[in-house]
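Asks: mind folding the following:
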Amino acid sequence: MNQYYFKKILKNVIGCIIFTVIFSIFNCCLNIRAEGGEIIDRVAAVVNDDIITLYDLNLLLKPYEESIHAQGYPSEKETKMLTEIHEKLLNQLIDQKLADQESRRLKISVDEKEIDQAIETIKAAGNYTDEELKGELEKQGLKLEVYRRHIREQILQTKLVEFEIKSKIIISKEDIKSYYEAHDDIYGSRKKYHLRNILMKVSAFGGDQEKREVYKRMEAIREKLKNGQAFEDLARVYSESSLNAEGGDLGFFQIDELSPQLQAALKNLKAGGFTSVLDTDQGYQIFFIEEILETPGKSIEEVSSEIQQKLFKEKVSRKYRTWLEDLRNRAHLKIIE
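Replies: Down below sits the predicted model:
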């Protein structure tokens, strides 16, 4: 047998034996005890030959627990929410352990200087002194050494993603072009309509007779518009909107911000045009286009870098999840209930 494969098989066998022994120990005694027999922690999960303690899990869970409890939910709902968060956080810790193990395998490390630099950056961003940062951590129930460990894990994960994922991703010009062409709503030209309206309301219990009378008055106003009277002057006189003093000025809207009914009514109108009398939820309305502003679209050259970064982040996220799932499938996992 090839020596390489012999060593590989032997390694796997030894790994399984170690894993079995670890589980035997943990299944017999799920609590970690001090010499005097006092329980100081419990095992929440075993990941290959590493453990996740209940202390680590509860440390992450504590802020969520306090926040949910403060909302005053019924106990049944609170329990359900905390159970779901507990499961998510435990999975996060398992993923972190798997990533740490892979970092060790690849000999990726983080030294104390890198952690110091990261903390200095955090202090500068929040304008914290050493004492203030320590105080903020204490409010969250964190000791500085535990916080440094979290920082180390984050830096390690960043390096690991850089090594395993980012360095293998390529965004081609074709990828950028396809995304650009599929997102005309983002990069294409945009129109903004400056609108005014005249509104006449129908009472909540108004019958057909009242509706006909209101509609007739609105049609009379529309005739005045056809004869050249200024829309804003008529709005000040006749509109029952709170904006009548401003001549019914509604401001600027993109077409997709408007109701389908109004979009259809404005479709073939130009600046200076007005709609027919529209029967809306608010009452009968006439809309007037004061002006149309058209913002030119962005060329692919202008947004190429932006699209590349977006696609890169999306691919990194997808590949990282796939990579973690693969690690999970190959790992020996046991969650202690």
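Asks: got the phi and psi for Ile198?
Replies: With angles defined as degrees, to the nearest 10, Ile198 sits at phi -120, psi 130.
Asks: in the sheet, who's paired with it?
Replies: Ile286 (DSSP bridges).
Asks: quick one, helices of the stretch 201-337 of the chain?
Replies: Remark: helices assigned in the stretch 201-337 of the chain by DSSP state H, counting those that start in this stretch are 208-226, 231-238, 260-266, 300-330.
Asks: my bad, should have said the stretch 1-150 of the chain
Replies: Using DSSP H, counting those that start in this stretch, helices in the stretch 1-150 of the chain cover 3-28, 54-70, 75-105, 112-126, 130-139, 144-164.
Asks: possible to save these as JSON lines with distance to Gly283, mean pLDDT and mean neighbour count?
Replies: C-beta coordinates here come from the backbone N, C-alpha and C atoms, glycine included. Shown next, in JSON lines, are the helices of the stretch 1-150 of the chain (distance: least, CB to CB, whole Å; pLDDT from 0 to 100; neighbours: other CB atoms under 10 Å):
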{"stretch": "helix 3-28", "distance to Gly283": "71", "mean pLDDT": "36", "mean neighbour count": "11"}
{"stretch": "helix 54-70", "distance to Gly283": "44", "mean pLDDT": "86", "mean neighbour count": "15"}
{"stretch": "helix 75-105", "distance to Gly283": "42", "mean pLDDT": "90", "mean neighbour count": "15"}
{"stretch": "helix 112-126", "distance to Gly283": "52", "mean pLDDT": "90", "mean neighbour count": "12"}
{"stretch": "helix 130-139", "distance to Gly283": "54", "mean pLDDT": "85", "mean neighbour count": "12"}
{"stretch": "helix 144-164", "distance to Gly283": "57", "mean pLDDT": "85", "mean neighbour count": "16"}
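Asks: one step back: which of the helices of the stretch 201-337 of the chain sits closest to Leu89?
Replies: Leu89 sits nearest to helix 300-330 of all these, at 15.4 Å, using CB to CB.
Asks: including distance to Leu266, could the helices of the stretch 1-150 of the chain go into CSV?
Replies: As requested, those are exported to CSV (distance: least, CB to CB, whole Å):
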stretch, distance to Leu266
helix 3-28, 68
helix 54-70, 46
helix 75-105, 46
helix 112-126, 47
helix 130-139, 53
helix 144-164, 48
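Asks: looking at the ones you listed, spot the one closest to Val46.
Replies: helix 3-28 (6.1 Å).
Asks: circling back to that earlier point, want to throw the helices of the stretch 201-337 of the chain into JSON lines with distance to Ile115 and mean neighbour count?
Replies: What follows is the helices of the stretch 201-337 of the chain, written out as JSON lines (distance: least, CB to CB, whole Å; neighbours: other CB atoms under 10 Å):
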{"stretch": "helix 208-226", "distance to Ile115": "71", "mean neighbour count": "14"}
{"stretch": "helix 231-238", "distance to Ile115": "64", "mean neighbour count": "18"}
{"stretch": "helix 260-266", "distance to Ile115": "55", "mean neighbour count": "15"}
{"stretch": "helix 300-330", "distance to Ile115": "22", "mean neighbour count": "14"}
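Asks: to Asp130, which of those helices lies closest?
Replies: It is, among those and with distance given as CB to CB, helix 300-330, at 33.7 Å.
Asks: just want the angle from that closest one to helix 144-164.
Replies: Orientation of helix 300-330 against helix 144-164 (axes from the mean of the first three to the mean of the last three CA atoms, to 10 degrees) gives an angle of 110 degrees.
Asks: for Gln154, which of the helices of the stretch 201-337 of the chain is the nearest?
Replies: helix 300-330 (13.9 Å).
Asks: just checking, what packs against the closest one?
Replies: The contact analysis (3 or more CB pairs under 8 Å, 6 or more residues apart in numbering; DSSP states H and E) places helix 300-330 against helix 75-105, helix 144-164, helix 173-182.
Asks: would JSON lines of the ones you listed with distance to Tyr238 be doable?
Replies: Formatted as JSON lines, these follow (distance: least, CB to CB, whole Å):
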{"stretch": "helix 75-105", "distance to Tyr238": "52"}
{"stretch": "helix 144-164", "distance to Tyr238": "63"}
{"stretch": "helix 173-182", "distance to Tyr238": "46"}
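Asks: for Ile198, find the nearest of those helices.
Replies: Of all the helices and strands packed on helix 300-330, helix 173-182 sits nearest to Ile198, with 40.3 Å by CB to CB.
Asks: the closest one: what's the following helix or strand?
Replies: helix 184-187 (DSSP states H and E).
Asks: rewinding a little: which one of the helices of the stretch 201-337 of the chain lies nearest to Tyr187?
Replies: Across those, closest to Tyr187 is helix 300-330 (CB to CB), at 5.8 Å.
Asks: next, the angle helix 75-105 makes with the closest one.
Replies: Using the same axes, to 10 degrees: helix 300-330 against helix 75-105 is 90 degrees.
Asks: all good on my end, thank you.
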